[in-house]
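A.B. asks: I'll drop the sequence and a predicted model, then ask my questions.
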Amino acid sequence: MTDRSAVDTIRGYFYQFDLSILSVLQLAAPDDCIEIECTEDIDIRTATDVTATQCKYYAKTEYNHSVIKDAVKHMVSHFGESLAGTKPKVLYSIKGHYLTGQEKLDNKIDVDFLKKHFLTYTKKKVTYYHHVDLGLSDADLEEFLTRLSIDVRAKEFDEQFREVIKTLQAIFGGTPFSAEYFYYNNALAVIRELSIRAAPADRSITRKTFLTRINTSTVLFNEWFVEKKGKRAHLAALRKEYFTEFNVSPFERFFLVEVDMGSYDRGDLKDLFFEISKKWAKLSAREPSPFCPYIYVHGITDNELVLLKRELCTEGFKLIDGHDFQGSDFSCLSIMQKATHGNGIKIKVLNSLPNVEQTVEAITKTRRIYQFYLGDCYYDYDKPAVKHVKIQVERLSDVKSII
């Protein structure tokens, strides 16, 4: 597969995922559901009927009847089995987006058109009639057509995505960013998870369950979402949303980062310390309200943390950690002392999550917590007075790109 065809294929997958998300969001009742990759790409099940939908996205291709011929034949086969009682009766839908040629299907499809363009085919110079092979009469085909809808003017890729985002905003409120990075991101993960389950019964989800599962205020690192956005654009969007301030306010900022000791590199973590201090501390002699950030490193061993702090101090990068002398207990008053140009404190290191909790609770100024995690969230602080941003990252170096 060429790079271009691979991109087109991936866009086709995302187009189907987005249509699946839109389909479940637009269900009328909480217990109505969609089924992924069962009868067709998407089956929409309500209290009164089931609609089996096949999705086609050919943005660079002219529409021809041959493009949907196999889909129609498959649906007619299913319809024949439903007449025999071996398959349930359903409605059939084909949605497709094409570059041109949509006018070829502007007129109403009748039985003769159906037979000529969709059910007749040639194989090894022999002509076959699919409806004849299935034993279907013209009356049967008339009934099939009452159950079939074909839309060859389905929305373009970006237009459909915008509709998904607007629908999520209408349901949950918030900004376009929260609709995309919280709800859509999670929705994509849910649909992807359903699509790869082995048993058809496990590929179904109700509107109520779907909304519950995607209702999150955490930015997840979903590889499919990042694939769609592009890694660089994904990190840049997070930076723009949370870490772009022209005038950095003197808030008390807590940066919680996670390391994997299996791939840990002290140099990378030191660079992150420098970057956080450089951007989020203001210590000049002219600064009326000097300040510096707090940092907590999750997953690091006690011994490595001591070595890291020792190395930073040796290099002249002054830090405090709330312990005033060897063997002393952690002191909120010690860690909360003001960083100034005179005392040269560049960052405040919190050694444990209890230290984080105690310090956040003790401070009365505006507080913000930025938690970066690799696997699962490791800290919850849900009091409305404190903004707590949770961002899942693939690796520690992503944090530097975001902040």
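C.D. replies: Perfect, I can see it now. Residues are numbered from 1 along each chain as shown.
A.B. asks: pLDDT score for the residue lying closest to Thr175 once chain neighbours are set aside?
C.D. replies: Once flanking residues are discounted, Thr175 sits nearest to Gln169: 7.8 Å by CB to CB, 6 or more residues apart in numbering. All C-beta spots, glycine's among them, are computed from the backbone N, C-alpha and C. Note on Gln169: pLDDT of 97.
A.B. asks: what about the helix or strand containing Gln169, distance to the chain center?
C.D. replies: Assigned by DSSP states H and E, Gln169 falls within helix 157-172. Distance, stretch centre to chain centre, for helix 157-172: 13 Å (CA atoms, centre = their mean, to the nearest Å).
A.B. asks: Tabulate the CA atom coordinates of it in PDB.
C.D. replies: Output in PDB follows, covering the C-alpha atoms of helix 157-172 (Å, rounded to 0.1, in the frame of the first residue of the first chain):
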ATOM      1  CA  PHE A 157     -14.900  14.100   6.300                       C
ATOM      2  CA  ASP A 158     -14.400  17.500   8.000                       C
ATOM      3  CA  GLU A 159     -18.000  18.500   7.800                       C
ATOM      4  CA  GLN A 160     -19.100  15.300   9.500                       C
ATOM      5  CA  PHE A 161     -16.500  15.800  12.200                       C
ATOM      6  CA  ARG A 162     -17.700  19.300  12.900                       C
ATOM      7  CA  GLU A 163     -21.200  18.000  13.300                       C
ATOM      8  CA  VAL A 164     -19.900  15.400  15.800                       C
ATOM      9  CA  ILE A 165     -18.200  18.200  17.800                       C
ATOM     10  CA  LYS A 166     -21.300  20.400  17.700                       C
ATOM     11  CA  THR A 167     -23.500  17.500  18.900                       C
ATOM     12  CA  LEU A 168     -21.100  16.800  21.800                       C
ATOM     13  CA  GLN A 169     -21.200  20.500  22.800                       C
ATOM     14  CA  ALA A 170     -24.900  20.500  22.700                       C
ATOM     15  CA  ILE A 171     -25.100  17.500  25.000                       C
ATOM     16  CA  PHE A 172     -22.300  18.300  27.400                       C
END
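A.B. asks: Give the other helices and strands that the following helix or strand past that helix contacts.
C.D. replies: With elements assigned by DSSP H and E, the helix or strand that comes after helix 157-172 is helix 176-178. Judged by 3 or more CB pairs under 8 Å, 6 or more residues apart in numbering; DSSP states H and E, helix 176-178 is in contact with helix 157-172.
A.B. asks: What is the helix it packs on packed up against?
C.D. replies: So helix 157-172, by 3+ CB pairs under 8 Å, 6+ apart, packs with helix 3-25, helix 176-178.
A.B. asks: Among these, show the one with the smallest mean pLDDT.
C.D. replies: Among the helices and strands packed on helix 157-172, helix 3-25 scores lowest, with a mean of 85.
A.B. asks: I'd like to know which elements it is packed against.
C.D. replies: strand 33-36, strand 42-45, strand 50-62, helix 157-172, helix 185-195, helix 207-214, helix 223-229.
A.B. asks: Quick check: buried residues in it?
C.D. replies: Across helix 3-25, burial judged by 16 or more other CB atoms under 10 Å covers 8, 12, 14-25.
A.B. asks: which one of the helices and strands packed on helix 3-25 is the most hemmed in?
C.D. replies: Mean neighbours per residue, mean count of other CB atoms under 10 Å, is largest over those for strand 33-36, with a mean of 24.
A.B. asks: Spell out which strands sit alongside that one in the sheet and which way each one runs.
C.D. replies: Looking at strand 33-36 with DSSP bridges, its partner strands are strand 42-45 (antiparallel), strand 204-206 (antiparallel).
A.B. asks: Touching that strand from outside, list them.
C.D. replies: 20, 23-24, 27, 42-45, 191, 194-195, 200, 203-207 (CB atoms under 8 Å, 6 or more residues apart in numbering).
A.B. asks: Please repeat the previous calculation with a cut-off of 7 Å.
C.D. replies: Contacting residues not belonging to strand 33-36 are listed as 20, 23-24, 42-45, 191, 194-195, 203-207 [CB atoms under 7 Å, 6 or more residues apart in numbering].
A.B. asks: just stretch 318-333 next, same as before
C.D. replies: So stretch 318-333 is in contact with 309, 312-313, 334-335, 344-349, 351, 355, 358-359, 362, going by CB under 7 Å, 6+ apart.
A.B. asks: report the angle between the axes of the helix holding Gln169 and helix 3-25?
C.D. replies: 30 degrees (axes from the mean of the first three to the mean of the last three CA atoms, to 10 degrees).
A.B. asks: Looking at the helices and strands packed on helix 157-172, spot the one closest to Asp151.
C.D. replies: Nearest of the helices and strands packed on helix 157-172 to Asp151, taken as CB to CB: helix 3-25 at 11.2 Å.
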